[in-house]
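In: Here you go, sequence then predicted model.
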Amino acid sequence: MGKDKGSLVIRERAALKRLEAAYETFKAAGEDKKPYNSTRNGRIIHHSGRSYNAECERMKKEISNLKENISKNSI
């Protein structure tokens, strides 16, 4: 017995909407993504930065992947 694909599609559509909004905001800013640090379970994680073009390509690819998954999982 699997999970209901309807709830999966709803989550993916919400993620797509958030990612498209983030992509538009990032494009409007026109700046590189800066390196930053975060913590996980008390450990410091170092995240490297990305150039503007590399981050735009990554976001475009992720948007296309989500759209493909939504169309594949739609009823």
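Out: That came through, no problem.
In: Check the nearest residue to G49 once chain neighbours are set aside and give its pLDDT.
Out: Counting by CB to CB, 6 or more residues apart in numbering, P35 is the residue found nearest to G49 once chain neighbours are left out, at 4.0 Å. All C-beta spots, glycine's among them, are computed from the backbone N, C-alpha and C. On pLDDT, P35 comes in at 95.
In: do the same with the one 4 residues further on
Out: The per-residue pLDDT reported for T39 equals 96.
In: ok, the spatially closest residue to it that is not a sequence neighbour - contacts?
Out: Leaving aside its sequence neighbours, T39 sits nearest to I45 (CB to CB, 6+ apart; 6.8 Å). Residues near I45 by CB atoms under 8 Å, 6 or more residues apart in numbering: N37, S38, T39.
In: could you point out which element follows the host helix or strand of the last one?
Out: Yep, that's T39 we're talking about. Per DSSP states H and E, T39 falls inside strand 36-40. Next in sequence after strand 36-40, counting helices and strands by DSSP H and E, comes strand 43-47.
In: and that next one, average pLDDT?
Out: According to the model, strand 43-47 has a mean pLDDT of 96.
In: Can you list the strands that it pairs with?
Out: Here strand 43-47 is paired, per DSSP bridges, with strand 36-40 (antiparallel).
In: next one: the partner strand to chain centre, how far?
Out: 18 Å (CA atoms, centre = their mean, to the nearest Å).
In: Going forward, count from 801.
Out: Will do, 801 is the new start, and the previous item becomes strand 836-840.
In: Can you tell me what sits against that strand?
Out: I844, I845, H846, H847, G849.
In: Looking at these, which one is closest to K872?
Out: Ranked by distance to K872 (CB to CB), those are led by H847 at 30.5 Å.
In: Brilliant, that's me finished.
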